[in-house]
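Student: mind folding the following:
(chains A and B)
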Amino acid sequence: MRPLNYDIEIFSYALYKVLTKHCWVIKLGSFADVYTTNNILSGYTKCKELGVACKLFDEMTHRDSVSWNTMIAGCVNSGNFDTAWVFLKTMKRCGFDADGYTFGSILKGVAGAYRLGLGQQVHSTIVKMGYEGNVYAGSALLDMYAKCERVEDAYAVFQCIPERNSVTYNALIDGFVQVSDLGSAFWLLDCMEKEGVRLDDGSFAPLLTLLDDAAYYKLTMQMHCKIIKHGLAFDNTVCNATITSYAECGSLEDAKRVFEGAIGSRDLVTWNSMLAAYLVHEKELAFKLFVDMQGLGFEPDFYTYTSVISACFEKVHKDHGKSLHGLVIKRGLEKSVPISNALIAMYLKLNNKSMEDTLHIFDSMESKDRVSWNSMLTGFSQCGFSEYTLKLFAQMRSLLVEIDHYAFSAVLRSCSDLATLQLGQQVHVLAIKSGFTSNDFVGSSLIFMYSRCGIIEDAQKSFEETSKDSSITWNSIIFGYAQHGQGEFSLNFFFQMRERKVKLDHITFVAVLTACSHIGLVEEGHNFFKSMEIDYGIPPRMEHYACVVDLFGRAGRLLEAKTLVESMPFEPDAMVWKTLLGACRVCCDIELATEVASHLLELQPEEHCTYVLLSNMYGNLRRWDEKASVTRLMRESKVKKVPGWSWIEIKNEVHAFNAEDRFHPHCAEIYHRLGELMEEIKWLDSTASLDVIMPSFDHE
DNA sequence: ATAGGGTTAG
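Tutor: Numbering: from 1, shown residues only, chains lettered A, B, ... in the order given. Okay, here's the model as predicted:
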């Protein structure tokens, strides 16, 4: 049981004071001067009593520019930017000029609403009226540009302000932080020190958010020193940001030390920051902290819930995840969009290939944001429900949900899974129109789509359009050429990547090993595998072992494949066994196949491929009894062979078939034409002087 | 009596 909260606040003390003053003025009759009324007006706006303030403003017989400025500031600070703008217009019409106060307030509103166009209008008025150098108007203007991601403009404004103070600097620092320009942000900090402008909490907090990588650990420590030097070690905001920086640099110890030092001045953000730190490094302690903070009376907010929920992505934490879902319902937080989004993401990761829970949450959400839609889109796409991805995408478009790079990437991946070129091209056009083709994720999906649809030239073109400084797109183009059997090109890209000092990752090596295996470069592939940890610091994972098993297997070097699996530093998973089983089939080694299959049957008894493959191998060897026993085992395990499908896209419609399928409305014509084609092939075969290599139709 | 900046998730 949690204690009931009895201190329900009807009026804040501040509001009480304003009300008393107002009553007193009314009692005295209508002799209150503008000065006193403005004072009360301001009191109401500070208490967010905008309605009362408006009424009082209407009743005023004499208003001066302070009255107008107070109303504008009041509207902006309570989030009513449009009303503020109306007040500004009316003010001008009533013959009052805007001043530094007016510009400061209205620009704060413009910045909060990200209305760059309006901001530029205000800018021209400021210049016209000579307020460019006013530190309040100028700082607000600078901040508006910074928030609208126009940091160059912000800097231009900065240079027009003759006497800059901490606020001016801090706003510009944050502008550079927003565009991840660490260098400029630090340079400004130096300038402040040289010019003798006081560094305060607002100078450090935004900067610290950029120190989010192990590479910045030393820098973080240096910043921490500076913070202590400037007497800000116990400042709440700075402490909170420092905790996060240390955690993201990988030092839980330092984060903990700052957290412990902040005892007594901890707020909800402090707890949330430490929670996030623990979630990355020591999950069990995080769950404990989640309980502890509530014991101390801190009511979790959506930051708390989204962090702790998103940490439940592994099977071991499934119970925690479900409990948290229950807690969310119990506390009536289901309506929170970010929390629901976190739950969707959690179930997507926990429920392998099942969308049931996710769909349930998504459907019951009264309002959804872009993240909700994108999560579903990505979920469908990753679970292989490609048609649903496309349907959902169409729905998003008709509901005018903004399509961003996440959406494009997911839907393009589904197009590539379905190998539906025309649809893929349509989505590509949309992506061009909305300017997303240079995004790495979109670019990577485009490369996959074109490569999968057989047009490697267009995959290459899509690659050329990306920035080429992230491994994401390089990996995709390497995969693309590998898929097309042009492994030499793949390796060439790998070498270029190395030359350009693009950071390689574990996926790069999966791509390279795939390329080698597809063109039979056994030695080269094996060498890459051996050097990936030594020369590149990337330890081989399960999928790399699977690739090398495949590499040996395709080359008929079964013994080496087998030895590699035996030497693995961790237990092989189903993927590795499956690859080895494939190698056994190529090499017709039934003994090893039987052994490998036994591991697979244990790990994935529901997987029909294993039974079918083994049964076929016995069949080929005419070992009928054993074949029969495999078939029996399959029947006993209630496993059914899933027939393979083929499909073709004609005029933007997908026609799917499986063997001996007679359901298509144009079935008769199709089979007739098929018969003609077969005749043609036979005729070609009989007239060919060279050996015609017939494709072996694989119906397994 | 009226004005400008900053910390936590994904």
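
Student: mind checking which helix or strand the most centrally placed residue in chain A is in?
Tutor: For chain A, A:Y406 is the residue whose C-alpha lies nearest the centre (Cα atoms, centre = their mean; 7.3 Å). Assigned by DSSP states H and E, A:Y406 belongs to helix A:405-418.

Student: also A:E163?
Tutor: Judged by DSSP H and E, A:E163 forms part of no helix or strand.

Student: poorly predicted segments of chain A, please.
Tutor: Scanning chain A for pLDDT under 70 picks out A:1-11, A:29-31, A:652, A:687-700.

Student: after the helix holding A:Y406 comes which helix or strand?
Tutor: helix A:421-433.

Student: biggest helix in chain A, by residue count?
Tutor: helix A:667-687 (DSSP state H).

Student: that older thread, quick one: is the helix holding A:Y406 near DNA strand B?
Tutor: No: Helix A:405-418 stays clear of DNA strand B (Cβ under 7 Å from any atom of the strand), getting no nearer than 10.0 Å. Yep, even glycine has a C-beta here, placed from its N, CA and C like the rest.

Student: put the alpha carbons of that helix into PDB.
Tutor: Extracted as PDB, the C-alpha positions of helix A:405-418 are listed here (Å, rounded to 0.1, in the frame of the first residue of the first chain):
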ATOM      1  CA  HIS A 405      13.300   8.000 -42.300                       C
ATOM      2  CA  TYR A 406      12.200   5.200 -39.900                       C
ATOM      3  CA  ALA A 407       9.000   4.700 -41.900                       C
ATOM      4  CA  PHE A 408      10.800   4.800 -45.300                       C
ATOM      5  CA  SER A 409      13.400   2.400 -44.100                       C
ATOM      6  CA  ALA A 410      10.900  -0.200 -42.800                       C
ATOM      7  CA  VAL A 411       8.600  -0.100 -45.800                       C
ATOM      8  CA  LEU A 412      11.600  -0.300 -48.200                       C
ATOM      9  CA  ARG A 413      12.900  -3.300 -46.300                       C
ATOM     10  CA  SER A 414       9.500  -5.000 -46.800                       C
ATOM     11  CA  CYS A 415       9.500  -4.100 -50.500                       C
ATOM     12  CA  SER A 416      12.800  -5.900 -50.700                       C
ATOM     13  CA  ASP A 417      11.500  -8.900 -48.800                       C
ATOM     14  CA  LEU A 418       8.700  -9.100 -51.200                       C
END
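
Student: distance between it and the chain's centre?
Tutor: How far helix A:405-418 lies from its chain's middle: 15 Å, per Cα atoms, centre = their mean, to the nearest Å.

Student: likewise for stretch A:109-120?
Tutor: Counting by Cα atoms, centre = their mean, stretch A:109-120 comes out at 27 Å from the chain centroid.

Student: wait, doesn't the residue nearest to the centre of chain A sit right on A:L377?
Tutor: Yes: between A:Y406 and A:L377 a contact is recorded at 7.4 Å, counting by Cβ atoms under 8 Å.

Student: residues near the closest residue to A:D200 other than its chain neighbours, how many?
Tutor: Spatially, and ignoring its direct neighbours in sequence, A:D200 is nearest to A:S166 (5.3 Å; Cβ to Cβ, 6 or more residues apart in numbering). For A:S166, the count of nearby residues is 17 (other Cβ atoms under 10 Å).
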